[in-house]
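Asker: This is a predicted model, with the sequence first.
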Amino acid sequence: MPVSGRPDAQMWLAISAAALTTALTVVSFWLSFEALHDLATAHRLQGERAWAWPATIDTFIAIGELLILRASLMRRVDWWAIALTAAGSLGSIVLNIFSVGVSDDPLDYVVAAVPPVAALLAFGVLMRQVHDYLLSRQEPVTAPPMPVSAPVTPSVQAEEPEDVEEADEAPEVTEEPEPVKEPEKPSEPLTPREQTDQIVRDLYDSLGNRRPGTRHIRQALADAQLPNSDGTCREARKRVEMAEPHLKSLPDAIAA
């Protein structure tokens, strides 16, 4: 029976998730802008100024999320980015609730708070997807191998035969010197990408001829102190199965 292409299905699922997340982000920000626009209109701002005023609140969310994404790719924590995101989110939620005014129905405040909360969560999910995509495209930086000097072997000298003391005695046979072996050239160290592929290929054998899942690969790469994001795991498994196509037909290993 032919095996369906799993990479194609995963790609379309990722594209669909990104499209839906983008649509949710746009709708959430639009609803939040509408509420803040009404609040600005009610407090002496009209026309273009009333539409520009919400950007002074909600734009902090976008700036903070982008800086958090940048810091994540650099493997560090940016507290300024977190503070900007928190300030923009809290300010947008509070002002959206204030735009309702005095109401006896608590659901009015819930409806007003949903758009800014949804905008924060949707934009965070979108930045997470961008992070995984960019991380899967990064090539590991390898340091040039250090030159290794070949070991020096001492020259083998032939032993001189001993002088014959008596003419009647048979001449002694001297041992032939062993041939000098050339030193073996040291093998070049594997690059991080080759180490990753080797670890993923060994998982097929260690799991009993089963296809490892993302969790198996991530744990193995983490133990080897190598990059272990979901995108890196999927790309490594794809390279291994392209080199050995029969591995695709193996049953999936059950994640512990």
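Answerer: In hand now; what should we look at?
Asker: From Gln129, how far out is the most centrally placed residue in the chain?
Answerer: Among the residues of the chain, the one closest to the centroid is Ser229, at 3.3 Å (CA atoms, centre = their mean). Ser229 sits 12 Å away from Gln129, going by CB to CB, to the nearest Å. For the C-beta atoms, the positions are set from N, CA and C on the backbone; glycine is no exception.
Asker: Got phi/psi on the residue nearest to the centre of the chain?
Answerer: phi -70, psi 170 (degrees, to the nearest 10).
Asker: the helices in the stretch 51-200 of the chain, which residues?
Answerer: Using DSSP state H, counting those that start in this stretch, the helices assigned to the stretch 51-200 of the chain run over residues 55-73, 79-98, 106-137, 192-206.
Asker: Count the neighbours of Pro245 for me.
Answerer: Residues contacting Pro245 under the criterion other CB atoms under 10 Å number 9.
Asker: contacting residues around the closest residue to the residue nearest to the centre of the chain other than its chain neighbours?
Answerer: Closest residue in space to Ser229, ignoring its immediate chain neighbours: Leu135 at 4.8 Å, by CB to CB, 6 or more residues apart in numbering. Each residue near Leu135 by CB atoms under 8 Å, 6 or more residues apart in numbering is listed here: 73, 227, 229, 231-232.
Asker: shaky segments in the stretch 51-200 of the chain?
Answerer: Applying pLDDT under 70 to the stretch 51-200 of the chain flags the ranges 104, 138-187.
Asker: if we go to 80?
Answerer: 101-105, 119, 133, 135-189 (pLDDT under 80).
Asker: and the longest helix seen in the chain, which residues are buried?
Answerer: Across the chain, the helix with the greatest residue count (assigned by DSSP state H) is helix 6-41. Along helix 6-41, these residues count as buried under the neighbour rule (16 or more other CB atoms under 10 Å): 21, 24-25, 28-29, 31-33, 35-37, 39-41.
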